[in-house]
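# the amino acid sequence is not available; the structure is as follows:
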């Protein structure tokens, strides 16, 4: 992969038309909000289930994403999630996992690049699971993917991971790059927006904690290792990092922002101060800097003893910055810390959009 | 210690007069609620700060403990927290730690038995830190305490531990007794009632998580080991169990009930099923059974995949039962699980009352 | 109606078998909780939709009603909501309004007495809409109902009203009886449990207010007048009280307990003190006293300036007492006040059970 | 008052130095946030209690206002709230009412213009109580005020009203201007941020409603009439509008945004549609348009049946727009509606800042 220069004049770029699949759901709404005034992409099509197809977006949607439906989208007619009905070559998928598996394959086979937020294909070794600043080189397995599956050049699936896995991986990437991580204990406190809409019933979560989220612990454990993994020698596939991870996942009565408590064992001994310096200095892969959705810092260290906090820190970097605090010595492993990130922006739709921008920057999407 | 028989006719027992120190605070209110119709103890005196002394309890208190001030207590006149003003020989201390240190020593020196909820003396090796069902034998160090400090027979301090430490210790005691625990990761989600009243500001916690509670991680780590510790050979003092503990403590928008996520390494290998059986079978020390405040089960295993939950399970056993769920294999250590208990009853006032009942049963308090 | 004596020996009464229709929903669960150890009724059958019929109750239900499914009910097999499948003559209906209309008619036509929590038949002039302490005499229209509809003696429908209407009517009944009410402005703050399960999505209500509940304002306005209405002369039907009511209904992030703010204009002038005395003295209809579900006081005045509060007062009288506070002069009408009551007990299932007890006491159900 | 042209070139204006009194409190923090990059004003001084004076702002403050302390302010040294220590001629007061009364008089007597958020002087007939778009002409009583009190030209006090009164007055101003209002029922659901910090204890409000806010009902009733009042003929003082108002004030577990339910009787009959049109068309006084803090619309009508909602609509117009919905016929009066506004921006600090901008625009503050 030869990342192209960032310097070309972007103002001259004709905006690329894109579609959002599953546009009426909670993640779909976030895609629409993030794409509304995007400098590189133009939201050309909104697709949803057969039930909604043919209706005006503004009438079909139960908007829960803050403010009101953008006017430019409200009057659009929803099309079905069918590659034959969608003309854009770049497709963001906010589909529910019950339908995403087959639908995304169909779009990819039809030559479209699918940037997916769904879990279905994430762990396939020929599907890149990418955080732009952490493992942009994993995009190279797209070649393997196309070869394996017999897809033409433009087609493919790029995934962006589970929301709690993304937050955790961003907090740990600077540490893993510098010192190597061998063991991680992670306990999450996850916002209700992570469950979509209607998602968690208020009777279940008001003044309560639910110490269980279906499949979440497994996703967090496996995806974290894939994010921090590497391109296998000669295989053209991703090899997950050999990190032992134990996750406890909990739902708490918070609207947005997943908080994770982490205890970490390092391969190369380091003090809490050295770890904090490594996190503070980290800027992520150069190829992911300066993109429209790139925050100034993908990970930011906050000083106050009682931070990060979801309600107060979730909007840092437009929801794209993971905030890390309380980096201190751990009595069992080496260091412990707290990380918090916006699960609907950095942990879902924003991650996909940033991945698309990264692919443009790398020449993997037509300019 | 020779526990006396439980069989004696308790209906004949004249109720012992008791006092509550710090009676107007949140924990003090819970003491009053629990002692209101107690079969063995009679709430004879309520003591509080000089500012409140002389006023009627019902007028001085800002009642936050559910329902309304019990009528029998509302009309009592508050006395100062001064051993000379309190005639009861059994004294429950709900004092704030800023004053508890000296005040409790003064009461003990005056020959009174202080059952304290304050942190000040908990970690002194000659002060018993007791959960009735877990380590009733630790009460023996009262002899050492009296000898060390030159106190007469009735005087002494017995403490009951931090709320999150009590919940954790109860969940782990059955496992430690059977398999031996060497390492524990614990991540808590603690209710606001644990911070007293007014305690946590609503602007800090509504829709939020605070990943920090002052001193709490240290208390949880050290007290847990003392609860699970033993009487040192010949020293007459307590030796903490050699367990490595790493705690992450968080405040969540829950009224009552601390939830803790635990990953545990065992000395003797065991499966999750064996651990669950051990927890299920455990009834705690025989001497602590059948007391007025003893729940049918001090620890109860719940089956549902998404339990325990604070709002739904906190009242189990009248707030004295710790509910444990999700016992499963851990990818780093041996097992992981979730425990939840009522921080104001089992984790504070109820623990002190049960300790007093235990001491009556053991002949350590006059019958 | 000649209410029978309360003095007969109830211990001799054989328990009457009853069924609950819609037993798996939130209201159905409350019925099951209230009927679990009922002294007069025995829960003999649980009925639900075709989808659940044939399954064990404990497996089909998503229990949200506090604690766990009562063991005695968990193993029961659910039957379909079909009069031919239900043998009990007394039937509590917790059916959703989408199916309650026809189903309840079918049960009544089959000779069963339906005590319904559904809205469908409430406003029919020959259907009694009853709060046991307020308008027990309205039960007389059952005769008209049977005559109108050609139902045999045992068949019929008795309804208990919308949750916010019940709370409001109980608070206003003592005032209306003594001074006459001509105008009422009412603004509600209603708990999420009033919407059933899953009901209100957490994303809609966490840290939020929803100033709209479908149909609720109309129900509150019309049902309040029917509760306070009278038997029309010679018509055998209910005539609503001529009270002008304006309602604002809001949903707030509270689990249980509807709070209503009321401004009231009186026919006969009275001071706030006189109104408070009237509320304080009121005990409701004699025929409704001393029943198994009767609270000591159906309406209770609370003194503290900042009460009633749902979280702190909802369990008064086992959830059957409406708590009233802040009775004061109103600058537009005569008095204003705040009332709060348990919407799932007094406002739903408990109201039905009390109505059934009332009917036994009045000789309208077989003893 | 001859409002000056809006057309002058503001970019040429040297920024006026301003001070914030009570800068460390919750409202003070909002002032700091709003003044951070203000085009006309420069935050030159931060003043607070003697206890904080001399300390760096960033160290003395417990920042609760979202994000973090602005860097430019963090390093400022706090001065005492003493006119001799403050050199700015424009002073924003976020002082607590316990000290605001005397302190504001002292600053005004020293020739400073005090824009106050405190309640102390609001209802004095020679003190303007102003919402920029509603009653800018009330500023004229400053002349009376100075004459009455013997203050020099620059000195004076301008107040901006209670948060719930401001939201209500903005919603009603368009209706009153067009149809005349004679009677108003108002029931509020107010956010915890309205009580400052630490303010409402979480144990009091989590999952709860408090149907009482000290003095709030009286403030809302009287201030609303003063906002909608007029300059008395020849007296040079404000005469409140003769509107009968009855208020019910409640606290709910919402962070920001007061919601008010209103029933309104009109002098000139109008349908709900006509009232809605009047609200929709209203833009407020011309002299208040186009100021740096002016929202595009001071009042905005929202269509959706279940809006406005505090969490979703509070940021409209940067927190300066009051959102109105559900305008419909009222069965007692003429119309009812729901209004919601940001209590910390429009209802407090933002209102003061807008008033200062208005005074610059009117030539009442030096340019």
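Noted; the coordinates are in hand. A quick note: this is a predicted structure, and the numbers were derived from the prediction, not measured.
# going by C-alpha atoms from here, please, whenever you check contacts or count neighbours.
OK.
# quick check: what element follows the helix or strand containing residue A:146 along the chain?
Under the criterion of DSSP states H and E, residue A:146 resides in helix A:141-149. Following helix A:141-149 in sequence order, the next helix or strand is strand A:156-159 (DSSP H and E).
# who are the packing partners of that next one?
helix A:97-109, strand A:113-116, helix A:141-149 (3 or more CA pairs under 8 Å, 6 or more residues apart in numbering or on different chains; DSSP states H and E).
# for chain A, what lies in contact range of chain B?
Contact residues, chain A versus chain B (CA under 8 Å from any CA of the partner chain): A:183, A:185, A:187, A:207-213, A:244-246, A:248, A:252-255, A:259, A:261, A:305-311, A:330-332, A:338.
# restricted to strands, list those.
A:183, A:185, A:187, A:244, A:245, A:246, A:248, A:259, A:261, A:338 (DSSP state E).
# for the last one, which non-adjacent residue is spatially closest?
Translated: residue A:338. The shortest distance from residue A:338 to any residue other than its chain neighbours is 4.6 Å, reached at residue A:261 (CA to CA, 6 or more residues apart in numbering or on different chains).
# circling back: for chain C, find the nearest of the helices and strands packed on strand A:156-159.
Proximity to chain C (CA to the nearest CA) singles out helix A:97-109 among those, at 20.3 Å.
# next, the angle helix A:141-149 makes with that closest one.
If you take axes from the mean of the first three to the mean of the last three CA atoms, to 10 degrees, helix A:97-109 sits at 90 degrees to helix A:141-149.
# ok, residues contacting helix A:97-109?
Applying CA atoms under 8 Å, 6 or more residues apart in numbering or on different chains, the contact partners of helix A:97-109 are A:81-83, A:93, A:113-114, A:116, A:118-121, A:151-152, A:155-157.
# next, count neighbours for the residue nearest to residue A:338.
Counted with other CA atoms under 10 Å in any protein chain shown, residues neighbouring residue A:261 total 27.
# so what's it scoring on pLDDT?
We have a pLDDT of 98 for residue A:261.
# roughly how far apart are it and residue A:214?
19 Å (CA to CA, to the nearest Å).
# same thing with residue A:127?
On the measure of CA to CA, residue A:127 and residue A:214 end up 23 Å apart.
# these two: who's more crowded?
Legend: neighbour count by other CA under 10 Å for residue A:127 and residue A:214, higher for residue A:127 (24 against 10).
# let me know the outermost residue of chain A.
Of all residues in chain A, residue A:331 has its C-alpha farthest from the mean position, at 31.9 Å, by CA atoms, centre = their mean.
# on that earlier part again, most neighbours among the contacts of helix A:97-109, which one?
residue A:116 leads the contacts of helix A:97-109 on contacts (other CA under 10 Å) with 30 neighbours.
# would you confirm that that residue contacts residue A:351?
No: counting by CA atoms under 8 Å, residue A:116 does not reach residue A:351; the two are 9.6 Å apart.
# joint contacts of these two?
With CA under 8 Å, 6+ apart as the test, residue A:116 and residue A:351 both reach residue A:160.
# just give the nearest non-adjacent residue to residue A:275, would you?
Closest to residue A:275 by CA to CA, 6+ apart is residue A:175, at 6.4 Å.
# next, the contact list for that neighbour, please.
Residue A:175 touches A:181, A:275, A:278, A:279, counting by CA under 8 Å, 6+ apart.
# how about the residues of the stretch 201-350 of chain A by chain D?
So the stretch 201-350 of chain A meets chain D at A:206, A:207, A:312, A:313, A:316 (CA under 8 Å from any CA).
# show me those residues that map onto helices.
Applying DSSP state H to those, the entries found in helices are A:312, A:313.
# closest to chain C among the residues of the stretch 201-350 of chain A next to chain D?
Closest to chain C, out of all of those and judged by CA to the nearest CA, is residue A:206, at 6.9 Å.
# what about residue A:37, how many residues close to it?
Count around residue A:37 with other CA under 10 Å applied: 11.
# related to what we said a few turns ago, which elements pack onto the helix holding residue A:146?
Using 3+ CA pairs under 8 Å, 6+ apart, the elements in contact with helix A:141-149 are strand A:156-159.
# which residues touch the strand it packs on?
Against strand A:156-159 from outside (CA under 8 Å, 6+ apart): A:104-105, A:108-109, A:111-119, A:121-122, A:127-130, A:139, A:142, A:145-146, A:352.
# just the mean pLDDT for it, thanks.
98.
# following element in sequence after that strand, please.
For strand A:156-159, the following helix or strand on the C-terminal side (DSSP H and E) is helix A:163-179.
# centroid residue for chain A?
Most central in chain A (CA atoms, centre = their mean) works out to residue A:351, at 3.6 Å.
# correct me, but that one touches residue A:129?
No: between residue A:351 and residue A:129 there is no contact under CA under 8 Å: 10.7 Å.
# what's the neighbour count on whichever residue of chain A sits closest to chain C?
Nearest residue of chain A to chain C: residue A:202, at 4.0 Å (CA to the nearest CA). For residue A:202, the count of nearby residues is 27 (other CA under 10 Å).
# once you drop chain neighbours, what's closest to it?
residue C:202 (4.0 Å).
# pLDDT score for that neighbour?
Residue C:202 carries a pLDDT value of 98.
# please apply the same query to residue A:65.
Confidence score, pLDDT, at residue A:65: 84.
# how much space between it and residue C:78?
Counting by CA to CA, the gap from residue A:65 to residue C:78 is 40 Å.
# thinking again about what came up before, show me which of the contacts of helix A:97-109 is closest to chain B.
After measuring the contacts of helix A:97-109 against chain B - CA to the nearest CA - the closest member comes out as residue A:119, at 21.6 Å.
# hang on, the closest one packs against residue A:129?
No: between residue A:119 and residue A:129 no contact is recorded; they are 10.1 Å apart, counting by CA under 8 Å.
# please identify every residue contacting each of those two.
A:159, A:161.
# where does chain A come near chain C, residue by residue?
A:64, A:192-193, A:197-206, A:253-255.
# run through chain A and note the low-pLDDT ranges.
A:1-13, A:367 (pLDDT under 70).
# the same query, at a cut-off of 50, please.
The model of chain A has pLDDT under 50 over residues A:1-11.
# ranges for the helices of it?
A:26-35, A:57-60, A:71-74, A:97-109, A:141-149, A:163-179, A:202-205, A:216-227, A:272-281, A:310-313, A:350-361.
# closest to residue D:286 out of the ones you listed?
Judged by CA to CA, the one of these that comes nearest to residue D:286 is helix A:71-74, at 28.0 Å.
# domain map for chain A?
A:10-162+A:349-361, A:163-343 (automatic domain parsing).
# and the end-to-end length of the last one?
By that I understand domain A:163-343. Here the two ends of domain A:163-343 are set 5 Å apart, with distance taken as CA to CA.
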